[in-house]
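S.K.: Next one to model:
(chains A and B)
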2 protein chains.
Amino acid sequence: MDDDALIIDRQPLPAGIPERLAAQLRFVAEADKLKTVLRASPLAAAERRENDAEHSWHLALMVILLAEYADEPIDVGHAMRLVVIHDLVEIYAGDSPVFVPGADGDQQEREAAAADRLFGLLPPDQAGEMRALWDEFEAGLTPEARFGKAMDRLEPMLLNWLAGGGTWGMPGASEAAVRAREAGVVAASTSLGDVAGLLVDEGLRRGWIRP
Amino acid sequence: MDDDALIIDRQPLPAGIPERLAAQLRFVAEADKLKTVLRASPLAAAERRENDAEHSWHLALMVILLAEYADEPIDVGHAMRLVVIHDLVEIYAGDSPVFVPGADGDQQEREAAAADRLFGLLPPDQAGEMRALWDEFEAGLTPEARFGKAMDRLEPMLLNWLAGGGTWGMPGASEAAVRAREAGVVAASTSLGDVAGLLVDEGLRRGWIRP
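M.R.: Residues are numbered from 1 along each chain as shown, chains lettered A, B, ... in the order given. Alright, predicted model coming up:
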């Protein structure tokens, strides 16, 4: 979605709310748009594609349930913060499907511009905190960011498995491209990397992934 | 959704995954159903109702952004855990809209049975942890549970505001019923309780809530 109008402009908040809190609530309202950003991944529970808000929730749940498999100790609360906010910039930048060749052309520039615009709705100190979280996730250099990214790779692999192919059937989904996603799981967790490897091996055997 | 078949039964996991991890992944797959449980609340960003997974994500984001307004100090990571898991039982028990008179008839029994069934998919130690988190949220006796519940009240009030009425127009949405939701915000945060009060006062003035 790239809609110039803020959600809050349709129905401004009542008078009497302190400005800092009003700015935060305008951001909370704008964040509703994440529920309309569709990913390529198919849901397992319904015949439709997943949206970014549902996806982010699923990652947060996986962090809680699977943290024990992180190869380095992680702060679960911090990893949850990272996955909850990691896709927010797609409100303005849109989703860039991983298996569409060239879809990420100017993705980094678009996402950085989206981050400036979106986080700029918040009070400056909190805008800085949110930007730092997003940068941390993107860079993937802390144990929590690596684990969050691993969940971000593993969840769609599981959805593809449950769909009997899913986005593995897309034109850009070569075995090499799928193995590159698997590597993002391996980087944070040997055990979960093994699972990703089994899903890909068996997906190849069943013809769900092109060799 | 009350579907006896587990999602994983449609596409069992490949052989070779240790049983504890396989149980956790079966739970992660089953949790996809939360994306299909519809609430009464209208989205602000699209012409449809909100689902439980999107809602849970929005609460987690609000915990991050609004924790500074908690009247008692909260552990943000713990409050996020509570809101991420708080609606999972609705996968089997369904959503009970708050403004439908009598809709909560046997809600507690249904949700307790759903919790047994759903969390029972997990290894016993983790089933116990998840059940403890859910019980903590439901009881609302810790600062984190109170704050999580406040987010669970405030988010649909904000969506109603943005919709110019939303579920405030439902038959059971008397001023008393709406004020009872407001009280759940006040219980955790004076500042956010003030916002809830302003939304309700102005909603009444505009005729979005029946006096």
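S.K.: Give me the residue at the spatial middle of chain A.
M.R.: Nearest to the geometric centre of chain A sits A:Asp87, at 4.5 Å (C-alpha atoms, centre = their mean).
S.K.: Am I right that it is in a strand?
M.R.: No. Going by DSSP: H, G, I helix; E, B strand; the rest coil, the assignment for A:Asp87 is coil, not a strand.
S.K.: I'd like to know how many residues surround the residue lying closest to it once chain neighbours are set aside.
M.R.: Among residues not flanking A:Asp87 along the chain, A:Asp52 sits closest, at 4.4 Å (C-beta to C-beta, 6 or more residues apart in numbering or on different chains). To be clear about C-beta, it is placed using only N, CA and C from the backbone, and glycine gets the same treatment. Residues within reach of A:Asp52, counting by other C-beta atoms under 10 Å in any protein chain shown, total 23.
S.K.: Do I have it right that A:Asp52 meets A:Val37?
M.R.: Yes. With contact defined as C-beta atoms under 8 Å, A:Asp52 and A:Val37 form a contacting pair (4.2 Å).
S.K.: Any buried residues in stretch A:179-189, and which?
M.R.: By 16 or more other C-beta atoms under 10 Å in any protein chain shown, the buried positions in stretch A:179-189 come out as A:Arg181, A:Glu182, A:Gly184, A:Val185, A:Val186, A:Ala187, A:Ala188, A:Ser189.
S.K.: and stretch A:173-185 with chain B, contact?
M.R.: No. Against chain B, stretch A:173-185 shows no contacts by C-beta under 8 Å from any C-beta of the partner chain, the least distance being 12.5 Å.
S.K.: what do you get for stretch A:18-31?
M.R.: Yes. Stretch A:18-31 lies within reach of chain B by C-beta under 8 Å from any C-beta, at A:Pro18, A:Leu21, A:Gln24, A:Leu25, A:Phe27, A:Val28, A:Ala29, A:Ala31.
S.K.: on that earlier part again, confidence score at the residue nearest to A:Asp87?
M.R.: pLDDT for A:Asp52: 98.
S.K.: and it, what does it touch?
M.R.: By C-beta atoms under 8 Å, 6 or more residues apart in numbering or on different chains, A:Asp52 lies in contact with A:Leu34, A:Lys35, A:Val37, A:Leu38, A:Arg39, A:Asp87, A:Glu90, A:Asp95.
S.K.: returning to what we had before: same list (the residues of stretch A:18-31 next to chain B) but as TSV, adding pLDDT and neighbour count.
M.R.: Below are the residues of stretch A:18-31 next to chain B laid out as TSV (pLDDT from 0 to 100; neighbours: other C-beta atoms under 10 Å in any protein chain shown):
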residue	pLDDT	neighbour count
A:Pro18	98	11
A:Leu21	98	18
A:Gln24	98	21
A:Leu25	98	22
A:Phe27	98	24
A:Val28	98	23
A:Ala29	98	23
A:Ala31	98	23
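S.K.: Let's have those residues in TSV, adding distance to B:Ala113 and secondary structure.
M.R.: Converted to TSV, those look like this (distance: C-beta to C-beta, whole Å; DSSP: H, G, I helix; E, B strand; the rest coil):
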residue	distance to B:Ala113	secondary structure
A:Pro18	44	coil
A:Leu21	40	helix
A:Gln24	38	helix
A:Leu25	37	helix
A:Phe27	38	helix
A:Val28	34	helix
A:Ala29	36	helix
A:Ala31	34	helix
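S.K.: Give me the common contacts of A:Asp52 and A:Val37.
M.R.: Joint contacts of A:Asp52 and A:Val37 (C-beta under 8 Å, 6+ apart) are A:Asp87, A:Glu90, A:Asp95.
S.K.: would you say the last one is within a helix?
M.R.: No. For A:Asp95, which was evaluated using three-state DSSP, the result is coil, with no helix membership.
S.K.: list the contacts for it?
M.R.: A:Val37, A:Leu38, A:Arg39, A:Ala40, A:Asp52, A:Asp87.
S.K.: from those, which two are the most distant?
M.R.: Farthest apart among the contacts of A:Asp95 by C-beta to C-beta are A:Ala40 and A:Asp87. That separation is 13.2 Å.
S.K.: next helix or strand past the helix or strand hosting A:Arg39?
M.R.: In this structure, A:Arg39 sits in strand A:38-42 according to DSSP states H and E. As assigned by DSSP H and E, the chain's next helix or strand after strand A:38-42 is strand A:49-51.
S.K.: Output the contacting helices and strands for that following strand.
M.R.: strand A:38-42 (3 or more C-beta pairs under 8 Å, 6 or more residues apart in numbering or on different chains; DSSP states H and E).
S.K.: What lies in contact with the strand it packs on?
M.R.: Residues outside strand A:38-42 that contact it (C-beta under 8 Å, 6+ apart): A:48-52, A:55, A:95, A:97-100, A:155-156, A:159-160, A:163, A:166-167, A:170.
S.K.: Sheet partners, orientation included, of that strand?
M.R.: strand A:49-51 (antiparallel) (DSSP bridges).
S.K.: got the contact list for the strand it pairs with?
M.R.: A:34-43, A:159, B:35, B:54.
S.K.: which among those gets closest to A:Gly105?
M.R.: A:Ala40 (16.5 Å).
S.K.: And the closest one, what's its pLDDT?
M.R.: At A:Ala40, the pLDDT recorded in the model is 97.
S.K.: From chain B, how far out is it?
M.R.: In this view, A:Ala40 and chain B are 16 Å apart by C-beta to the nearest C-beta, to the nearest Å.
S.K.: now do A:Met80
M.R.: 5 Å.
S.K.: give me the residue from chain A nearest chain B.
M.R.: A:Gly77 (1.7 Å; C-beta to the nearest C-beta).
S.K.: I'd like to know which elements the helix or strand where that residue lies is packed against.
M.R.: Assigned by DSSP H and E, A:Gly77 belongs to helix A:76-85. Contacts defined by 3+ C-beta pairs under 8 Å, 6+ apart place helix A:76-85 against helix A:52-66, helix A:124-139, helix A:143-163, helix B:52-66, helix B:76-85.
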